[in-house]
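# Let me see the structure of the following:
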Amino acid sequence: MTLEYTLTTNSVEVTVLPVYIEEQSIPYEDCYVWMYNVKIKNKSPSTIQLLSRYWQIIDYRGKVNEIVGVGVIGEQPVIKPGEVFKYTSGAYLNVPSGIMQGKYEFLNEESIKTFEVVIPPFSLDSPYVNARAH
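I've put the predicted structure just below:
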């Protein structure tokens with residue numbers, strides 16, 4: 001079963017759809033791989049640009065891995081009012097379950113102010129364990 005997670009912050013809607021990747025995961029070597037599809041919809045009247053990202057990946061044992069970077073997938077997309085930007089990325093854990101959460105920093109091109117958009121926390125659950133981070 002695949003769940004979509006959606007959250008709107010500062011007139012920007014972020015939807016994440018995580019998918020466990022069986023073919024790339026090697027449970028007996030403690031390697032569990034997910035792909036996640038992200039859809040960012042600009043519901044504001046202004047043109048915005050995604051500047052940076054901050055992720056926390058928390059495994060079900062409580063270990064936290066932080067990822068900070070410029071843009072997403074090598075881009076700093078400009079999103080006009082009503083437009084949607086989509087991208088796909090991936091994550092791996094050495095345990096079968098965890099949670100990802102984070103935020104994006106955007107620039108409002110009209111006010112020249114930066115603002116944060118919260119990424120909805122989402123579960124990374126493999127079919128191999130009943131332990132859950134949530």
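
# Please make it C-alpha for all contacts and neighbour counts, starting now.
Will do.

# where in this structure is pLDDT low?
Within the chain, the segments meeting pLDDT under 70 span 1-2, 129-134.

# tally of neighbours for Ile40?
Close neighbours of Ile40, defined as other C-alpha atoms under 10 Å, add up to 22.

# Revised request: answer the last question for Lys80.
Counted with other C-alpha under 10 Å, the neighbours of Lys80 add up to 18.

# Apart from its neighbours in sequence, what residue is nearest Val33?
In space, and not counting its chain neighbours, Val33 is closest to Tyr92: 4.3 Å by C-alpha to C-alpha, 6 or more residues apart in numbering.

# Quick one: residues contacting that neighbour.
Contacts for Tyr92 (C-alpha atoms under 8 Å, 6 or more residues apart in numbering) come out as Cys31, Tyr32, Val33, Trp34.

# Thr6 now?
By C-alpha under 8 Å, 6+ apart, the residues touching Thr6 are Glu13, Val14, Thr15, Val16, Pro120.
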